[in-house]
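# sequence unknown, structure follows:
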């Protein structure tokens, strides 16, 4: 009579943390679109901005150069990286979700793994962005007094505030992108159109309310009083709503060709 042996450990179901980490690794398989390409494009944008700054610097009398270059603090060149994160959010869900379900990954594990992926990417890009902003200040705007990573939209000289603003903003775009892709997975184009119409009506309604109540000065004062940090903190609310909507949509989504 042979004694019963427990099932081999290799046959045991992986722990929750391991399953979630597998989703993260799956989402980051194509590092070209999630890491390399955005870094290369951001570097090209930085080069183009530097050339524009040099033209302004060279064409401006020495006594007026400081004032001319100070206007670059309103530069929006760095906004590209945030919009690209929205695209990454869409790509991760749209490209990986059907593949993951084919390998018996649960919808819950996929949602949590994707959320961890976005948190890691946002943290990595925020740290890199903040380091570049410090270098920009240390080199006096890359030698020309320009502003790309130190624009007024990213806070003042406090690197901690800048880190928070970039991190929170990237999470927002990741969440919106993931929510858009999840809507498409759940309801296809009909879901995208309904959500877009709802957002448009809300925006138009808010603009009408502010206009009719003559509250635009108060809105401007709120933005000035809140600053980039305060606005980013409030931005976490729609970020959480979009993330929750993506999770609920994916929980019932069925990939189709």
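Thanks, I have the structure now. Everything numeric in this text was worked out from a predicted model, so none of it was measured.
# give the contact list for the residue nearest in space to the middle of the chain.
Ranked by distance to the mean C-alpha position of the chain (Cα atoms, centre = their mean), the top residue is residue 170 at 2.5 Å. The contact partners of residue 170, by Cβ atoms under 8 Å, 6 or more residues apart in numbering, come to 81, 82, 85, 121, 122, 125, 126. (C-beta placed from N, C-alpha, C; glycine too.)
# rerun at 10 Å
By Cβ atoms under 10 Å, 6 or more residues apart in numbering, residue 170 lies in contact with 81-82, 84-86, 88-89, 118-119, 121-126, 129, 239.
# Quick one: buried ones out of those?
Restricting the contacts of residue 170 to buried positions leaves 81-82, 84-86, 88-89, 118, 121-122, 125-126, 129, 239, with burial counted as 16 or more other Cβ atoms under 10 Å.
# From those residues, pick the one nearest residue 153.
Within these, proximity to residue 153 (Cβ to Cβ) peaks at residue 82, which comes in at 10.1 Å.
# Could you report the separation of that closest one from residue 210?
Distance of residue 82 to residue 210, given as Cβ to Cβ, to the nearest Å: 25 Å.
# try residue 137
Separation of residue 137 from residue 210 (Cβ to Cβ): 36 Å.
# got it, and residue 110?
From residue 110 across to residue 210, the span is 39 Å (Cβ to Cβ).
# Which one's more surrounded, the two?
Between residue 110 and residue 210, counted using other Cβ atoms under 10 Å, the more crowded position is residue 110 (26 against 13).
# Let me see the mean pLDDT of the helix or strand that one falls within.
Assigned by DSSP states H and E, residue 110 belongs to helix 107-138. Mean per-residue pLDDT for helix 107-138: 95.
# what do you get for stretch 39-53?
The model assigns stretch 39-53 a mean pLDDT of 94.
# what distance separates that stretch from the centre of its chain?
Offset of stretch 39-53 from its chain centre (Cα atoms, centre = their mean, to the nearest Å): 20 Å.
# just stretch 126-145 next, same as before
Relative to its chain's centre, stretch 126-145 lies at 20 Å (Cα atoms, centre = their mean).
# Next, the buried residues of it.
Judged by neighbour count using 16+ other Cβ under 10 Å, the buried positions of stretch 126-145 are 126, 129, 130, 132, 133, 136, 141, 142, 144, 145.
# ok, now stretch 35-44?
Neighbour-count burial for stretch 35-44 flags 38, 42 (criterion: 16+ other Cβ under 10 Å).
# which residues are in contact with that stretch?
The contact list for stretch 35-44, computed with Cβ under 10 Å, 6+ apart, reads 28, 30-32, 77-78, 80-81, 84-85, 87-88, 121, 124-125, 128-129, 132, 148-149.
# give me that answer again for 6 Å
Identification of contacts with stretch 35-44 by Cβ atoms under 6 Å, 6 or more residues apart in numbering yields 81, 84.
# again with stretch 195-203
Residues contacting stretch 195-203 (Cβ under 6 Å, 6+ apart): residue 183.
# of the buried residues of stretch 126-145, closest to residue 249?
Each of the buried residues of stretch 126-145 was checked against residue 249 using Cβ to Cβ; the closest is residue 126, at 26.6 Å.
# Go ahead and confirm the closest one touches residue 167.
Yes. Counting by Cβ atoms under 6 Å, residue 126 does reach residue 167; the two are 3.8 Å apart.
# got any residues that touch both of these two?
The contact sets of residue 126 and residue 167 do not overlap (Cβ under 6 Å, 6+ apart).
# what's the spacing between residue 48 and residue 59?
Residue 48 sits 17 Å away from residue 59, going by Cβ to Cβ.
# and if you look at residue 153?
In terms of Cβ to Cβ, residue 153 sits 26 Å off from residue 59.
# for residue 253, same thing?
Note on residue 253: its distance to residue 59, by Cβ to Cβ, is 55 Å.
# Between these two, tell me which one has more neighbours.
Between residue 253 and residue 59, counting by other Cβ under 10 Å, residue 253 is the more crowded of the two (23 against 9).
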